[in-house]
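K.L.:
how would this look folded up:
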Amino acid sequence: MTHRDDAPHALSTHLDAQGHAHMVDVTHKTITHRSATATARVTMQPSTVAALREHKTPKGDVLATARIAGIQAAKRVPELIPLCHSVALTKVTVALEIEDLGVAITAVVQCADRTGVEMEALTAASVTALTLYDMLKGIDRAMRIESVQLEEKLGGRSGHWQRHAAHTHEPEAASESVLTNLSDFAITHEAISLDELRRKVAHDGAGAVCLFVGTVRNQSEGRAVTLLEYEVYETMAAREMHRVAGEIAREIPGVRLAATHRVGALRVGDDAIVCAASAPHRGEAFVAGKRLIDAIKAQVPVWKREHGPDGPYWVHWEDARCTPGEAHEHG
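P.N.:
Below you'll find the model as predicted:
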């Protein structure tokens, strides 16, 4: 028997003998309890996060509207995705948590039926994120929807599946790059917690964790330094750190990365940047962490101004020396 390249795949249940898409027959399956959890994240400018927290958004209660939209979306999946069944949903919950760089969304869907609700959970998370964007686009069109993914499913022939367990226990997981979310790359005005960075990259498959810490020193290129100021567009810088980390993780299998850059006025001895890297072996963790801190220093748009006996000085901007009138005192 010859094989046709366009013949239906042997494992496909969504194609008939002629290769036409059709709805799977689940009549013979037993009705059981099933559930699925999906997440998404909407990143935004710090000013937008502040407006959310202070209830000063132009369209009213953003989170309540987005939550209802997500619940409605879960109930409309068969109208949106062609081959999905109509499922008897028994519960839909959508939780939204305001974070430093945006909003984290978690959608949980349950049913008593013959097929699962992964698509309902993913659709709920996605539409919640889209509604957040619609409600806030008037003040922040640069928002980004990302990391829409299934976290867990229960019930059905395949049983229990968890994203964390899949990364930790599957044999192929050790050879894949594991890059954490955008929220693991942060800009802060507070002291950096080394323990928090270590926790962000630690996991059961990590045989080594390396921390690279950049600290404010008392001199630079022969000039005495008493204070450093870092200025940055926070959302842009966090995304650029995430981008360069992604490039490193794709080149070094099994690496997980995180970084935090402190901005504002820093004294001598303060930690300005901390990069964390984990990997199955210490060699990969060391190389990845060093590459990350070097790349952030070279590529991320962070502006540095040194203060010393001769006044403030913009580093690497020879034509941007501050005049005496531009300098200001720091307590």
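
K.L.:
share the number of residues neighbouring the residue nearest to residue 230 when sequence neighbours are not counted, please.
P.N.:
Ranked by Cβ to Cβ, 6 or more residues apart in numbering and with sequence neighbours excluded, the top spatial neighbour of residue 230 is residue 263, at 4.2 Å. In short, each C-beta sits where N, CA and C put it, glycine included. A count of nearby residues for residue 263, using other Cβ atoms under 10 Å, gives 19.

K.L.:
quick one: residue 263 from residue 232, how far?
P.N.:
Distance of residue 263 to residue 232, computed by Cβ to Cβ, to the nearest Å: 5 Å.

K.L.:
list residues touching both of the two?
P.N.:
187, 302 (Cβ atoms under 8 Å, 6 or more residues apart in numbering).

K.L.:
quick one: residue 307 is in a strand?
P.N.:
Yes: judged by DSSP: H, G, I helix; E, B strand; the rest coil, residue 307 forms part of a strand.

K.L.:
go ahead and confirm it touches residue 226.
P.N.:
Yes: taking Cβ atoms under 8 Å as the definition, residue 307 is a contact partner of residue 226 at 5.5 Å.

K.L.:
give me the more crowded residue out of those two.
P.N.:
Between residue 307 and residue 226, counted using other Cβ under 10 Å, the more crowded position is residue 307 (21 against 13).

K.L.:
residues contacting the closest residue to that one other than its chain neighbours?
P.N.:
Distances taken as Cβ to Cβ, 6+ apart place residue 227 nearest to residue 307, at 3.9 Å, with adjacent residues excluded. Neighbour list for residue 227: 265-268, 306-307, 330 [criterion: Cβ under 8 Å, 6+ apart].

K.L.:
and residue 227, its phi and psi?
P.N.:
phi -160, psi 140 (degrees, to the nearest 10).

K.L.:
distance of it relative to residue 216?
P.N.:
Residue 227 sits 8 Å away from residue 216, taking Cβ to Cβ as the criterion.

K.L.:
got any residues that touch both of the two?
P.N.:
266-268.

K.L.:
of those residues - the most surrounded one?
P.N.:
residue 266 leads the shared contacts of residue 227 and residue 216 on contacts (other Cβ under 10 Å) with 18 neighbours.
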